[in-house]
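# Next come a sequence and a model predicted from it.
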Amino acid sequence: MDCCRRVNPFRACSPLRGLGYLMLAFVAAIVAVSYYAVVVYTWGPLLLGGGGAAAGAAAVLVAFHLLKGKVHKNIVLAAKMASRLVVIIVLFVYTFVETVLDTLVLLPYFIEFFRDESRRSSSPGDIAILFITFGILCPRSILTRLKIVQTFIAVLNLAFALSLLCFIGMHASLVTSNTTSIEVHERRNSVSWKYDLGWRKNLEQVFGTKKLLWFLPLYSAEDLHNIGALHGLEFPTRSDAVA
C-alpha cells in the first residue's frame, strides 16, 4: 500500500511538455512571419517611400509595435501585483486585437491575390496548392510567392483571432458569473451560486472599480485596500445563497 502511495501518475504526463514547447515554437513562428509580412514587406516600404501612404503606414506600424511590445511588457510587469486571471484575460484581448490588425492590413493583398489568380484561370486545386506551399515549390516569380505569403499570413491570423475570441468569450462568461472552470459543474448543482454577486460586482472583484485601469492591468491603492478578493485571501458571498 505504501509503495502505491509513492507512485506519482503525473510523471507519465511529463513527455507532454514537449507538445507545449512545440506549441510555443508554433506561436513564435506565427509572430515572426506576421512581423515580416506586415512590417518588412508590406507597410515598411510604404513608410520609407513617403507620400500620402506614409502617414497611414506609420499609424499601422505604431499600433502594431505598441501591441507587440509595450503593452505586453506592461502586462508582465503588472503580473507581479495583479491577479493572474486579469493578466491572462488582458493578454488574450490585446493579442486578439493584434491578430485582427494583422488580418485587416493584409486583407487587400489577400483579395488582390485571388483576383489575379482567377484572371489567370487557375483551377481551385492549383490555387490551394499555391496557398498551402507558399509557392516555394511552384514555378512562379518571387513577387507572386511573396503575395502568397501575405495571403497565408492573413488567413492564419484570422484563424488565430477566431480561436482567441472563443477564449475571451469563455473567460468573460466565467468572470461575469464569478466562477472558475472547476466550479462550473458544482454551480450547476446549486440553486443559486454563493459567489455570484451580480455581473458588475463580479467584474469589480477581478478588475477593480477603476474602469480606466482595466486594460493595463493595474489596481488603484483604494481597490487594493478595499477589495480583499484582489489578494486571493477573502471572497465575499451572497447571504441568500441556496445550495
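Cool, the structure landed.

# what's the next secondary structure element after the helix or strand bottoming out on mean pLDDT in the chain?
The weakest-scoring helix or strand in the chain, judged by mean pLDDT, DSSP states H and E, is helix 71-78 (a mean of 44). Downstream of helix 71-78, the next assigned helix or strand under DSSP states H and E is helix 84-119.

# Distance of residue 236 relative to residue 27?
Distance of residue 236 to residue 27, computed by Cβ to Cβ, to the nearest Å: 37 Å. All C-beta spots, glycine's among them, are computed from the backbone N, C-alpha and C.

# just residue 168 next, same as before
17 Å.

# cool, and residue 235?
33 Å.

# The spatially closest residue to residue 179 that is not a sequence neighbour: which element?
Distances taken as Cβ to Cβ, 6 or more residues apart in numbering place residue 187 nearest to residue 179, at 5.5 Å, with adjacent residues excluded. For residue 187, the element it lies in under DSSP H and E is helix 184-188.

# Report the buried residues of that helix.
By 16 or more other Cβ atoms under 10 Å, the buried positions in helix 184-188 come out as residue 187.

# Need the residues that contact it.
Here helix 184-188 makes contact (Cβ atoms under 8 Å, 6 or more residues apart in numbering) with 174, 177, 179, 193.

# where along the chain do the helices fall?
In the chain, the helices defined using DSSP state H lie at 2-6, 16-35, 44-49, 52-65, 71-78, 84-119, 124-132, 142-176, 184-188, 199-207, 221-226.

# Can you report the mean pLDDT over the residues of the third one?
This means helix 44-49. Average pLDDT, helix 44-49: 83.

# Which elements pack onto that helix?
Counting contacts by 3 or more Cβ pairs under 8 Å, 6 or more residues apart in numbering; DSSP states H and E, helix 44-49 is packed against helix 52-65.

# As CSV, could you dump the C-alpha coordinates of the helix it packs on?
Output of helix 52-65 as CSV, limited to C-alpha atoms (Å, rounded to 0.1, in the frame of the first residue of the first chain):
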residue,chain,number,x,y,z
GLY,A,52,0.3,60.2,-48.8
ALA,A,53,0.6,56.5,-48.0
ALA,A,54,3.4,57.1,-45.5
ALA,A,55,1.0,58.6,-42.8
GLY,A,56,-1.3,55.5,-42.9
ALA,A,57,1.7,53.2,-42.9
ALA,A,58,3.2,55.0,-39.9
ALA,A,59,-0.1,54.7,-38.0
VAL,A,60,-0.3,50.9,-38.7
LEU,A,61,3.3,50.3,-37.7
VAL,A,62,3.0,52.3,-34.5
ALA,A,63,-0.2,50.4,-33.5
PHE,A,64,1.5,47.1,-34.4
HIS,A,65,4.6,47.7,-32.3
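
# Tell me how this structure divides into domains.
Structural domains annotated on the chain: 16-176, 178-243, as defined by automatic domain parsing.

# mean pLDDT for the ones you listed: which is lowest?
Here the lowest mean pLDDT among these goes to domain 16-176, at a mean of 72.

# I am finished for the moment; much appreciated.
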